[in-house]
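>>> One predicted model, sequence on top.
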Amino acid sequence: MNVWQAVWRLVRFAPWLFVANALLWIVEDFFHLVPGLVLRQIFDTLTDHAQLNVGFWVLLALLPARSGLQTLLVVGGTATGATFHGTVGALLRKNLFARILRRPGAWALSGSPGEAVSRFGGDVAEITGLSEDVVDSFGNIVAAVAALVIMLTISPLATIAVLVPLVAIRIASALVRRRLEVTRRASRVATGQVTGFIGEVFGAALAVKVNTAEPQVVEHFRGLGESRRRAELQNMLLNQLVRRSWSLTDSLATGLILLLVGSSLQDGTFTVGDFALFVSYIGVIGGALDWIGGTLVDATQTKVSWQRLIELLQGDAPPSALVEHGPVYMRGDSPSIPHIAKTAAHRLDTLDVDGLAYRYPESGQGITGVNLHLPRGSFTVVTGRIGSGKSTLLRALLGLLPRDAGELRWNGEPIADPAAFLVPPRVAYTPQVPRLFSETLRDNILLGLSPAQVGLPTALHTAVLERDVAGLTAGLDTVIGPRGVKLSGGQVQRTAAARMLVRDPELLVFDDLSSALDVETEQVLWERVFARPEATCLVVSHRHAALRRADHIIVLKDGQIATEGTLAALLADCEELQQLWAGDSERLEQPPTAARTPLPPGKLPT
């Protein structure tokens, strides 16, 4: 699907808005013919060449009357055009966002979020704006044809004199459209790099400050800004040169008319009124050619924007998915987020994983041949050193990474699409670094769910968050800032836990939840989690509290299961777990510096 086909699909999404907008602008374009006709009659009346017996003051009054009516048409055209662009722009952005969300979570974007935001903004606006160019070009063309017909009835020779320079300059300008496409792409890429870097800096402000890297960040930002300035300057300069060259032809055409009709003005076969009409209609015809050329230039640039939106799909959907018709909510309240109440069909008896594998394309690292068996009510802990594949295992299991091999079964039934199936109320997941938003604490936990549909107080209690909420100035209505900056690390993790628990899932998946919690809080949290009836957990952790409570422990090494079993058996036989258990908080996942003596079988450390 090319960009013109996409625009046509957008037009078909809101056809009545488009037609109303088009009619208003076409009528408005026809009003540009009125001044030429009125001026012709005025000058011919003053020089006794008038063909119609109309009073001078009546003719003069027609000009402001025409301006008033034209103003009303412009207001109507602007209103309907803005509504049309807002509607189809919302459709494009909704479809694009939906497709991104359907991708594996860890691969949702190929670049930075800031760069993607620039595509949602500027690139979408350019595509929706192309339809306005089409409407304006069509109205200008119709008005220009009418102007040419009138001019040809007066003087074919003078009409040709007008057309030749206007058309010649436009044809020459069209030859540089390919270069415009190159400069436009460079400009959009440079803009995306700047917005992407800004987003990265905002997200890593603390790291920049702690490492006193402000000068380096500013210098890098200056370099990106300079690259964008040059790219944008080249694009704007070439664009304006093309457009300004068109305006010069108006003066050239006027001069040619004077040279060709000078003698006719003397003998009266070409009147002063005719000359006034021709000068007025040069602007009408030139404007039509300008809109046609501008539309072609914009179409060339819009091809770049369309391609940039397609790139966000990363080959997972056809380009037509971006303009697929569906509901948009431009008026009234947005639809409420559906709450899927847990039923017997969501019950977990067993979750089995056989031969799960995923390798990162860039490094070849990952996991391979992982088998898991999670019965209802069990507490399974996955542990291992940094880089052993713990987080990768959880992401591949949940469909956040596209698995290379392996089969997943829920209660014995194969799971075809883990990303769509392993969601609340079946499964809830908290990543190693939870994502919070600059909204209230309540909104961060509910994420659109109604408090009446869920057990918010119970979730707060289970996540050991009730005292923290009481200590906040506005309680649950406290705005926590970007990424939860107003909360401590432990509060951020427990807020993410409450977000999971409020959805009452069958399986809780935690990726190192307790890393920012003190020992006492962690113990209370696990006690409250397992106070829930038949709670089932899959946990990545190296903390003693989690390992002690585990029914089954899996030790990963180099992306494979090194060994598995109970804590007592592994502490007796597994040097890898012994190293993790014995290390202090700063060295819990660091490589061992010396061999340690295995503990006697069956003996647990205190």
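Great, that's in hand.

>>> Quick check: closest non-adjacent residue to residue 285.
Residue nearest to residue 285 in three dimensions, not counting chain neighbours: residue 144, with 4.8 Å by CB to CB, 6 or more residues apart in numbering. In this view, the C-beta of every residue, glycine as well, is placed from N, C-alpha and C.

>>> check contacts around that neighbour.
Contacts were defined as CB atoms under 8 Å, 6 or more residues apart in numbering; by that measure residue 144 touches 284-285, 287-289.

>>> What distance do you get for it to residue 239?
The gap separating residue 144 from residue 239 is 23 Å, by CB to CB, to the nearest Å.

>>> For burial, what's the neighbour tally of the spatially closest residue to residue 483 that is not a sequence neighbour?
In space, residue 483 comes closest to residue 436 once its chain neighbours are excluded; the distance is 5.7 Å by CB to CB, 6+ apart. When counting by other CB atoms under 10 Å, one arrives at 22 neighbours for residue 436.

>>> Hmm, residue 436 is touching residue 445, no?
No: with contact defined as CB atoms under 8 Å, residue 436 does not count as touching residue 445 (9.6 Å).

>>> intersection of neighbour lists for the two?
The contact sets of residue 436 and residue 445 overlap at residue 495 (CB under 8 Å, 6+ apart).

>>> Break down the stretch 301-450 of the chain into its helices, ranges please.
390-398, 418-421, 441-446 (DSSP state H, counting those that start in this stretch).

>>> Give the buried residues for the second one.
Buried positions in helix 418-421, judged by neighbour count with 16 or more other CB atoms under 10 Å: 418-419.

>>> CA atoms only for it, dumped as CSV, please.
As requested, C-alpha coordinates have been extracted for helix 418-421 and formatted as CSV (Å, rounded to 0.1, in the frame of the first residue of the first chain):
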residue,chain,number,x,y,z
PRO,A,418,1.5,-16.7,25.4
ALA,A,419,1.5,-12.9,25.1
ALA,A,420,-2.3,-12.9,24.7
PHE,A,421,-3.1,-15.9,27.0
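
>>> Check which helices and strands it is in contact with.
For helix 418-421, the helices and strands in contact under the criterion 3 or more CB pairs under 8 Å, 6 or more residues apart in numbering; DSSP states H and E are helix 390-398.

>>> gap between the helix it packs on and the chain center?
What separates the centre of helix 390-398 from the centre of its chain is 26 Å, taken as CA atoms, centre = their mean, to the nearest Å.

>>> now swap in stretch 387-397 and tell me
Stretch 387-397 has its C-alpha centroid displaced from the chain centroid by 27 Å (CA atoms, centre = their mean).

>>> what's it in contact with?
With CB under 8 Å, 6+ apart, stretch 387-397 has contacts from 105-106, 353, 356-358, 360, 365-367, 370, 372, 382-384, 400-401, 403, 406, 408, 418, 422, 429, 431-432, 509, 511-512, 538, 540, 556-560.

>>> swap in stretch 451-468?
Residues contacting stretch 451-468 (CB under 8 Å, 6+ apart): 339, 341, 442, 445-446, 469, 476, 491, 494-495, 497-499, 501-504, 521, 524-525, 528-529, 531-532.

>>> for stretch 558-569, same thing?
Contacts to stretch 558-569, defined as CB under 8 Å, 6+ apart, come from residues 365-371, 384, 388-389, 392, 547-548, 550-556, 570, 573-574, 576-577, 601-604.

>>> Checking residue 491 next. Helix, strand or coil?
helix (DSSP: H, G, I helix; E, B strand; the rest coil).

>>> Leaving out chain neighbours, which residue sits closest to residue 80?
On the basis of CB to CB, 6+ apart, the spatially nearest residue to residue 80 that is not a chain neighbour turns out to be residue 21, at 4.1 Å.

>>> how far away is the one you found from residue 229?
When CB to CB is applied, the distance between residue 21 and residue 229 equals 35 Å.

>>> tell me which residues in stretch 144-152 are buried?
Applying 16+ other CB under 10 Å to stretch 144-152 flags 144, 146-148, 150-151 as buried.

>>> Pull out the buried members of the contacts of stretch 558-569.
366-368, 370, 384, 388-389, 392, 547, 550, 552-556, 570, 574, 576-577.

>>> about what we covered before: please pick the buried ones from the contacts of stretch 387-397.
Restricting these to buried positions leaves 106, 353, 356-358, 366-367, 370, 372, 382-384, 400-401, 403, 406, 408, 418, 422, 429, 431, 509, 511-512, 538, 540, 556, 559, with burial counted as 16+ other CB under 10 Å.

>>> Those residues in strands, which ones?
With strands taken from DSSP state E, the overlap with the buried ones among the contacts of stretch 387-397 comprises 353, 356-358, 366-367, 370, 372, 382-384, 406, 408, 429, 509, 511, 538, 540, 556.

>>> Just read off the phi/psi values of residue 71.
Listed backbone geometry of residue 71 is phi -60, psi -40, with angles given as degrees, to the nearest 10.

>>> tell me, how many neighbours does it end up with?
Here the neighbour count serves as a burial measure; for residue 71 (other CB under 10 Å) it reads 12.

>>> which secondary element of the protein has the worst mean pLDDT?
Least confident helix or strand, the chain: helix 156-174 with a mean of 72, by mean pLDDT, DSSP states H and E.

>>> excluding its backbone neighbours, what's nearest residue 574?
Once chain neighbours are set aside, the closest to residue 574 by CB to CB, 6+ apart is residue 563, at 5.1 Å.

>>> What separation is there between residue 75 and residue 82?
For residue 75, the distance to residue 82 - CB to CB - is 11 Å.

>>> measure residue 349 to residue 376 for me?
Note on residue 349: its distance to residue 376, by CB to CB, is 5 Å.

>>> same question, residue 99
35 Å.

>>> Among these two, which residue is more densely surrounded?
Neighbours were counted for residue 99 and for residue 376 using other CB under 10 Å; residue 99 has more, 19 against 15.

>>> ok, that one - contacts?
Residue 99 is in contact with 312-313, 316-317, 321-322, counting by CB under 8 Å, 6+ apart.

>>> which of those count as buried?
312-313, 317, 321-322.

>>> Nearest to residue 90 among these?
Distances from residue 90 to those, taken as CB to CB, are shortest for residue 322 (12.6 Å).

>>> Touching, that closest one and residue 7? I think so.
No: in this structure, residue 322 is not within contact of residue 7 by CB under 8 Å, at 11.5 Å.

>>> Check the gap between the spatially closest residue to residue 522 that is not a sequence neighbour and residue 168 for me.
Residue nearest to residue 522 in three dimensions, not counting chain neighbours: residue 514, with 4.3 Å by CB to CB, 6+ apart. Taking CB to CB as the measure, residue 514 and residue 168 are separated by 76 Å.

>>> Among the buried ones among the contacts of residue 99, list the two that are farthest apart in space.
Pairwise distances across those (CB to CB) peak at 11.0 Å, for the pair 312 and 321.

>>> before we move on, the earlier item: can I get the contacts of residue 99 in JSON lines with pLDDT?
As requested, these are arranged in JSON lines below (pLDDT from 0 to 100):
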{"residue": "312", "pLDDT": "82"}
{"residue": "313", "pLDDT": "82"}
{"residue": "316", "pLDDT": "76"}
{"residue": "317", "pLDDT": "82"}
{"residue": "321", "pLDDT": "88"}
{"residue": "322", "pLDDT": "89"}
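
>>> Can you lay out those as CSV showing distance to residue 68?
Supplementary listing: these in CSV, determined by distance: CB to CB, whole Å:
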residue, distance to residue 68
312, 46
313, 48
316, 53
317, 50
321, 46
322, 42
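
>>> wait, which of those residues is closest to residue 207?
Using CB to CB, residue 312 is the member of the contacts of residue 99 that lies nearest residue 207, at 27.1 Å.

>>> wait, isn't the closest one in contact with residue 96?
Yes: under the contact definition of CB under 8 Å, residue 312 touches residue 96, with a separation of 6.2 Å.

>>> list the contacts for residue 79?
With contact set as CB under 8 Å, 6+ apart, residue 79 has no partners.

>>> Give me the mean pLDDT for the host helix or strand of it.
Assigned by DSSP states H and E, residue 79 falls within helix 56-102. Summarised as a single mean, pLDDT over helix 56-102 is 82.

>>> Stretch 136-152 now?
If you average the per-residue pLDDT over stretch 136-152, you get 83.
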